[in-house]
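Novice: this one's sequence-less:
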């Protein structure tokens, strides 16, 4: 009898962390450049930030809109800086529903990149499609507050198709 009661309490505990509802969050990230076709040019990795608004519609599934800003990949050989904004609509799949929830995600959206040269006093802005995929984990502090860690690969296409990067991030979220 007591083991059945413990199992019921365990299931109830999991449901408060995996309940349906909206969430909002933000955090910091570090972008490791994986640029294609740069030849002898070398860029520095960059810091940035992200924010997200999502809805968990099932204990194991959520959908979210994510915005991410990379503050600037600097060219090591000259005065050139590439800044990006990436917005994706992500689908998330949660493997577990307790206090620690590992997840995988895939997303599709767009990237806008601006290349700015202070030496040439010019800048170029281009936009293209972007895909995001990766994974991470949510760590619940309370039923409403959590911290997260994730790693994603951003693969743009079109006019910005050479600007791939790996995002290593962490942040805080609030579940409504």
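Specialist: Arrived safely, thanks for sending. These numbers were taken from a predicted model, which means no experiment stands behind them.
Novice: which residues touch residue 164?
Specialist: The neighbours of residue 164, taking CB atoms under 8 Å, 6 or more residues apart in numbering as the test, are 33-36, 153-156. Bear in mind the C-beta positions are built from the backbone N, C-alpha and C, glycine included.
Novice: sorry, wrong one. I was asking about residue 150.
Specialist: The contact partners of residue 150, taken as CB under 8 Å, 6+ apart, are 103, 105, 134-137, 167, 169-170.
Novice: can you tell me which of those is nearest residue 147?
Specialist: Relative to residue 147, the closest of the contacts of residue 150 is residue 170; by CB to CB it sits at 6.8 Å.
Novice: give me the pLDDT for the closest residue to that closest one other than its chain neighbours.
Specialist: The shortest distance from residue 170 to any non-neighbouring residue, by CB to CB, 6 or more residues apart in numbering, is to residue 149 (4.7 Å). Predicted confidence (pLDDT) at residue 149: the value is 99.
Novice: strands of the protein, start to end?
Specialist: Here the chain has its strands, by DSSP state E, at 21-33, 46-58, 61-74, 80-94, 100-117, 122-140, 145-156, 165-175.
Novice: out of those, flag the one nearest residue 40.
Specialist: The minimum distance between residue 40 and the strands of the chain falls on strand 80-94, with 13.6 Å, by CB to CB.
Novice: how far is stretch 81-98 from where the chain is centred?
Specialist: Stretch 81-98 sits 3 Å away from the centroid of its parent chain (CA atoms, centre = their mean, to the nearest Å).
Novice: okay then, goodbye and thanks.
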